[in-house]
Structure formats: C-alpha cells, structure tokens
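Q: Return atomic coordinates for the entry below.
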Amino acid sequence: MTVTLTDTGLSIAGKEIAVYAGAVHYWRLERDLWPQILDCVQELGFNVIETYLPWAIHEIEPGSFDWGTIDARKDIDSFLQLCEERGIWVIVRPGPLINAELTDFGFPSWVLLDPSVQAHTAVGGLHLDAAWGLHPPRQFPVPSYASESFYTYVDGWFAAICPIIKRHLAPAGCIITVQSDNETCYLFHERTYATDYSEDSIKLYRNFLQERYASLDTLNAAYYSAYTSFAQIEPPRDCQVQQRSDMAWHLDWVAYKEYQVRWCVARIARMLRAHGIQDVPIFHDVAFQIRTPLDVAEMERDPDIDWVGMNLYRNKEGYRGGLQIIRYLAGTTRLPFVPEFGSGIWSHHPLTPTPDEQEFIMLLALMHGLKAFSLYMLVERERWQGSPITRHGTFRPEFAAFYRQLLSFAEKYQLRTLRRTPGVLVLLNFDIDRYAALASTMHYAHVDLYGFPSELFKVDLDLDLQWDAARESEMHPESWMGTVLASLEKQHIDYDLSDTHVDLARLVKYPLVFVPTIDFMHGEDQAKLLAYVEQGGQLVIGPGLPYLDPTLQAQEVLKKQVEKPGKTEVGAGSIWWLSTQELQATVEALTTPGAYRCADPEVQLVLQANDTHNLLFVTNPTAQQRDTTLHFPTTYRLKQAWGGGGQSGADEGAVSLKLAPYSVQIWEVLHD
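A: Numbering: from 1, shown residues only. You can find the predicted model right below:
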C-alpha cells in the first residue's frame, strides 16, 4: 500500500503523520466559505480532516447525481482539490450508512422503501427506526444488511462515488483512508432478538450454521434435533431456554449476529476495493459497543478490514464509560482510534459539553492510550452545537483555544509516539457476555428510551450453575470484575482492557492478566489462556473455575491444571483462582506501584515516554477539588507542562498538588 497503518498513525509514501483530524461536512457549508473555513482548520493546527460522502445528498433521484451542478455545496471534487492545494489530508466515509442526524440516516428513500431491502422483527413486522425524536424528522424502515437487493443499490452508489475518491487517493491526492460503512450494528437495535429476521438474513444465518457445523449430523448432535436439511432451521425469536440442551441453538443466534456485522463490513470493504479504492487502508468505526454483537478483535483479524476504531461522546459525569472505551482500544486494536470524538454534541442532547469538559475528556483519553482521533464536529452545522469553528468560518473562542493549545502541545512532545507500559490486562469474558445477551427479552425498538427498569429485559435462567452468570456479566462494584478494577485503581495501577477473543501474541505482552470466570468458557479460549501461563504469564481467574463449554457440555482445559482455589504453578507461570473477597489483597501482592505515588486513591497517575520526553499525567476524575501530595524519586525533577494553575516544578521528591474537579495536569519528568 502507498498508505499504511502504523501503531502511532499513518505512513504516506514512507512519511508518517499523526491522525489528529476533525469533521468538516462540505455539503452543509456555503461553498464560498470553504476557503475561510479551511483557513480556520489549519490555524488551529489540523492538517487532516474527515468528511462523510452522503449517498442521499448526491443521488437525488434513482441514477441521477448532483456533484455541484445543481447545488454548489455538493461539488465534492472541488472540495477535495481545495484540500490538496492547501496540503490537507482527508479521511472519507462513503457509507452506505451515514447517520450524521440526516433524514433516513443518509440512505435514499427509495432504497429503504424497497420491500426486498427491509429488515424484519422477531414477530415478522417491519423493523422501523422508532427513535424519530432523536433522529429527526421521522421514523424509517431499517435496511437488512443481509439483503442482496441492498448490495445491488450500494454497488450503484459506489460505481458513482468511487471514481471521484480514486482520483484523489494519496500520495498524489489528499485521501489517506476510507471507511467501510458506519457504526454497523442494526442501527442501534443491537438487542439479541430485536432484528434481523428478513428472508435474506435467515438464509445467511443458515449458511453460517452450515459453515460452522459442516454437516447436519454435527448440528443435530449439538441441538439434540433431527433436521434433515439446513433449510428447516429457524432462529430463536426470544429467549426460549428451558434446559441446557437449548443453549447451542440460542448461542448460535448470538454468534450469527456478530458474524453478520463483521460479514457486511468486510463485504462493503471488498466492494470499495473492487471499485478502485486501492493502496489506502479501509477502516470501520464501532459506535460504542465493547461486547456482543460487536467482536472487535475478530473484526480486526478479518483480512478485508485494516483497522477498527470506536466512537466516544461523553460529558464529565460519564467519563468512566469513555475511559473504559479507551482502555479497550489500547488493549485490543492496532491503532487506538476514535473516529468520532465528541467536540460539541447533537442539538437534542440535554447537555452540551463545556470547553473544560472537552479538555478533560480528551486529555483523559490521551492519558490512557488514545493515538488517533477525529473531532466530531470540528466545524459546526445544523443539528449540532459546541464546535470550535462556526459554519460561518469564525472561531468560537472559548472552544477553539483548547484545540489550538492541544495541537501545539502534541507537536512539541510528539504525543503520538509516547508509550505507556501497563503491566496488567483485564479481559472481559466474551462467553459470559453472550450468555447475558441470550438471556434477554423485550426487544422492541429503542424500548430502553422509555426508562423501564433493566430487570424487565432479563430472563432468569435456572441451569444448575454454581456461579451467577448474570451478576458477573456486569461491571458493577460488587462483581468479580468490578472488584478487580476498583482494586487496581486504588493502587494507582495502569491497565488495559480487552476480551477473551484477544490474540495470544497480545496477551503475552502483559505480565499479569485478570479474567472473570464461571462454570463455562470456550475450549479455545481456555487453551489460549493456558498457553499464556505456560509461557510465563500470571493469570488471575474467578470467582469460578470453568469446567463446561458455553453450551454447558464438559470442557476442562483449565480444570485439568487447577485442583483447588489459590495459586497453581503451570509451566513457567501461575494460575491464581480467587474469590471476590480475596481480590484486593492479591492485587496488592501481585502489582508494584510505580515510582510516582499519591496517597489519594481517587487521583489517577500514568507515565508515558518516548525517546526525548517523559510525561506524567495526573487526573482528578471527581467533582471535588483534590489537595494532595505527589511523591517521586529524588533523582528526578518535575516541570509543569499542562494545567496546574501556575504550580511550579519540584526537585525534592515531592510536590503539592491542587487538582480542580474533572481536570488533568501533565508534568514533564527531567533526569538530573
């Protein structure tokens, strides 16, 4: 490839650049103001922008396209030329799904109104996007991404837009990467039995089963069934698990939903390649899901998908969920990337993030491993508020100042090349998450918006398990996983997140791995964890020990090595089987606090370093000011690099900190 992915950015004809970008929607901006707006973009320090190429905006009637002859704002070719003249790189997102708060999410209406395209619910009705209050101005039929008619329409769109993209590919042109679809996940109707029961989807489901089992005899043995043809198999339409023998059927539907998402993203990527999009990476953005039906590790293993990012929109009060997304990207993906990093918010949101909140969330993300981002929106448009650049080509000073400072800071310290060295990886258990997904009900469109108690969405299964799968599927403070996270943070231990589908090659980079375990776990995942231990890793599991596979058949890979709770040496490493109550003491015993220490357990510390700089990030993620003392080796000196309200450096092994609520300070560590 002319443009290749690295672990810190993109390499264009051998020269690496940082992917610090911002969204600029050309068709929503007055054509005459494009130059002035791009001047503002570059004045803030951005040399990369991102834009959708919206299908419905350009294909105004079937087969009839407006590239600026009717509406000058739609002249994408001229917009890209303008970027090239100014030395601005461009990320393009041609869909087919757009969202962007566009009518019908950017799909042409005649595509959605074709019955052969439409998805169906579990009860056979038309699947409508029912959140029309959030996605104005109306509800619309959701397309099935298994529909062959849908891909015929998409192929027509790509035949029109891809020649324009191809003319502007780097290095001669400005386009450095292209996105395959957008936030693919049933248009946010990701609950297990909500959709997609269309004819083409059920056909794809049966093909998936045939590929999975190879023969009917194998499937019948797993299902305790007597099918004579794969065509006879129907998917479950709600949780109908009555006994252990029902598990395989339901788990396969959960796995199919993951497969369908991955299959369609890869298919769209291949279609882009077939239409001439060569020599640049193709990526996908996940909306927010780090659990089924998204399987990010498996998606990045697909040869047609070069990299995967995840979007992030957070106010300060929701920082913890955003932080877990960043930890997950750092522990799972090739290049931790947020394709949509909230800069401002959609207009129907009850709270627009303040400039201080935007600073806090961004610095917190960079502190914990974010390497690439695109601000959504860098330039405002309708149905949006809180962007640093107005649609009139002027700055909104209170928002713009931070980003100007950030880009300058990133250049000075080569921020993208800074490295964390977390010694701990915490894994989500994919099989427990699948169990929680299948043990669910109430699958009406966006029923969660009505504020019903979460208990109404759960099914309490009685399958004679020793440990509580539903409890351990959540990260609440009293669960095994929640206790691990709280214990690590209390000790100021930096860690990454991933899941049990992560590659062994990534696992072995961490000396210490935690994973919640109960009665069941897939044999391949157990074997991978065992290989990690045999190569010298320290594996902490609990509250249970798996002795079954997810279909609740015997599977004792780990049980053959571990006879009782406590520590068991295996190969060059060890397995620690611990109850929830034993975790905190063991975390303290197995982890070593860093050289920089703070008595306040709420304060978080992360050290990052490259060849020329060492930066210590210190954050207060609470609503109260924290007055505390930072201790460090006397052979070091600290120099304030960001924040701190005028606090000076220190060279006597300690510095008193005044940390404002929801704030991040950065200190440069200097060696004597």
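
Q: and Asn47, how many neighbours?
A: Using other Cβ atoms under 10 Å, Asn47 has 15 other residues around it. Every C-beta, even on glycine, is put in place using the N, C-alpha and C of the backbone.

Q: do the same with Asp217
A: 10.

Q: same check, this time on Pro593
A: Here the number of neighbours of Pro593 (other Cβ under 10 Å) works out to 12.

Q: Model confidence for it, exactly?
A: Pro593 is assigned a pLDDT of 85 by the prediction.

Q: surely it meets Gln491?
A: Yes. Contact criterion Cβ atoms under 8 Å: Pro593 and Gln491 qualify, at 5.9 Å.

Q: which residues are common contacts for these two?
A: Contact criterion Cβ atoms under 8 Å, 6 or more residues apart in numbering; residues shared by Pro593 and Gln491: none found.

Q: center of this structure, which residue is that?
A: When Cα atoms, centre = their mean is applied to the chain, the residue found nearest the centroid is Met310 (2.8 Å).

Q: For that residue, give me its contacts.
A: Per Cβ under 8 Å, 6+ apart, neighbours of Met310: 285-288, 290, 296, 325, 328-329, 337-339.

Q: Identify the bridge partners of it.
A: On the basis of DSSP bridges, Met310 is bridged to Val286.

Q: can you list the weak-confidence ranges in the stretch 501-650 of the chain?
A: By pLDDT under 70, the weakly predicted segments of the stretch 501-650 of the chain are 645-650.

Q: All the strands of it, in order from the start?
A: Ranges of strands within the stretch 501-650 of the chain are 512-517, 538-543, 566-570, 573-577, 597-598, 604-609, 614-620, 626-631, 636-642, based on DSSP state E, counting those that start in this stretch.

Q: So in the protein, where's the weakest helix or strand by average pLDDT?
A: Every helix and strand in the chain was compared by mean pLDDT, DSSP states H and E; the lowest is strand 128-129, with a mean of 84.

Q: Give the pairing partners of that strand; include direction for each.
A: Assessed with DSSP bridges, strand 128-129 is paired to strand 140-141 (antiparallel).

Q: Could you tell me the average pLDDT over the strand it pairs with, please?
A: In this model, strand 140-141 has a mean pLDDT of 92.

Q: Relative to the whole chain's centre, how far out is it?
A: Relative to the chain's own centre, strand 140-141 is displaced by 26 Å; criterion: Cα atoms, centre = their mean, to the nearest Å.

Q: Then stretch 658-672?
A: Relative to its chain's centre, stretch 658-672 lies at 28 Å (Cα atoms, centre = their mean).

Q: Helices of the stretch 401-550 of the chain, start to end?
A: 430-438, 469-472, 480-490, 504-507, 523-534 (DSSP state H, counting those that start in this stretch).

Q: Point out where the stretch 301-450 of the chain drops to low pLDDT.
A: Those would be 444-450, if you go by pLDDT under 70 across the stretch 301-450 of the chain.

Q: Mind doing that once more with 80?
A: Where the stretch 301-450 of the chain drops to pLDDT under 80, the residues are 348, 442-450.

Q: Run through the strands of it in chain order.
A: Remark: strands assigned in the stretch 301-450 of the chain by DSSP E, counting those that start in this stretch are 307-310, 337-342, 345-346, 372-376, 384-385, 424-428.

Q: swap in the stretch 1-150 of the chain?
A: Ranges of strands in the stretch 1-150 of the chain, per DSSP E, counting those that start in this stretch, are 3-5, 10-12, 15-17, 20-23, 48-52, 59-61, 64-65, 89-93, 128-129, 140-141.

Q: Could you point out which of those sits nearest Tyr547?
A: Tyr547 lies closest to strand 3-5 among the strands of the stretch 1-150 of the chain, at 40.5 Å (Cβ to Cβ).

Q: And the contacts of that closest one?
A: By Cβ under 8 Å, 6+ apart, the residues outside strand 3-5 that reach it are 10-13, 170-171, 176-177, 279-281, 306-307, 334-335.

Q: Going by neighbour count, which of the residues you listed are buried?
A: Buried members of the contacts of strand 3-5, counted by 16 or more other Cβ atoms under 10 Å: 10-12, 170, 176-177, 280-281, 306-307, 334-335.

Q: Which of these sits closest to Val570?
A: Val570 has its nearest neighbour among the buried ones among the contacts of strand 3-5 in Arg334, at 30.0 Å by Cβ to Cβ.

Q: Next up, the contacts around the closest residue to Tyr259 other than its chain neighbours.
A: Taking Cβ to Cβ, 6 or more residues apart in numbering, and ignoring the residues beside it in sequence, Tyr259 has Phe208 as its nearest neighbour in space, at 5.4 Å. By Cβ under 8 Å, 6+ apart, the contact set of Phe208 is 252, 255-256, 259-260.

Q: Out of those residues, flag the one nearest to Leu485.
A: Using Cβ to Cβ, those come closest to Leu485 at Ala255, 27.1 Å.

Q: Compute the number of surrounding residues for the closest one.
A: 20.

Q: ok so, going back, including distance to Asp462, could the strands of the stretch 301-450 of the chain go into CSV?
A: Formatted as CSV, the strands of the stretch 301-450 of the chain follow (distance: least, Cβ to Cβ, whole Å):
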stretch, distance to Asp462
strand 307-310, 36
strand 337-342, 41
strand 345-346, 43
strand 372-376, 45
strand 384-385, 49
strand 424-428, 25
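
Q: Tell me the spacing between the residue nearest to the centre of the chain and Ile37.
A: From Met310 across to Ile37, the span is 28 Å (Cβ to Cβ, to the nearest Å).

Q: How about Glu588?
A: 53 Å.

Q: Could you do Ser78 as well?
A: According to Cβ to Cβ, Ser78 and Ile37 sit 14 Å apart.

Q: When the two are compared, which one has more neighbours?
A: A direct count of neighbours by other Cβ under 10 Å for Ser78 and Ile37 places Ile37 higher, at 21 against 15.

Q: My read is that the more buried one contacts Pro388, right?
A: No. Look at Ile37 against Pro388 with Cβ under 8 Å: they stay out of range, at 11.7 Å.

Q: List the residues that contact the residue nearest to Gln555 when sequence neighbours are not counted.
A: Excluding its sequence neighbours, the residue lying closest to Gln555 (Cβ to Cβ, 6+ apart) is Asp549, at 3.8 Å. Contacts here follow Cβ under 8 Å, 6+ apart; on that basis Asp549 touches 520-523, 555.

Q: Please repeat the previous calculation with a cut-off of 10 Å.
A: Contact analysis of Asp549 by Cβ atoms under 10 Å, 6 or more residues apart in numbering lists 247-248, 251, 431, 519-526, 555-557.

Q: wait, what's in contact with Leu169?
A: Going by Cβ under 10 Å, 6+ apart, Leu169 touches 2-3, 92, 175-178, 276-280.
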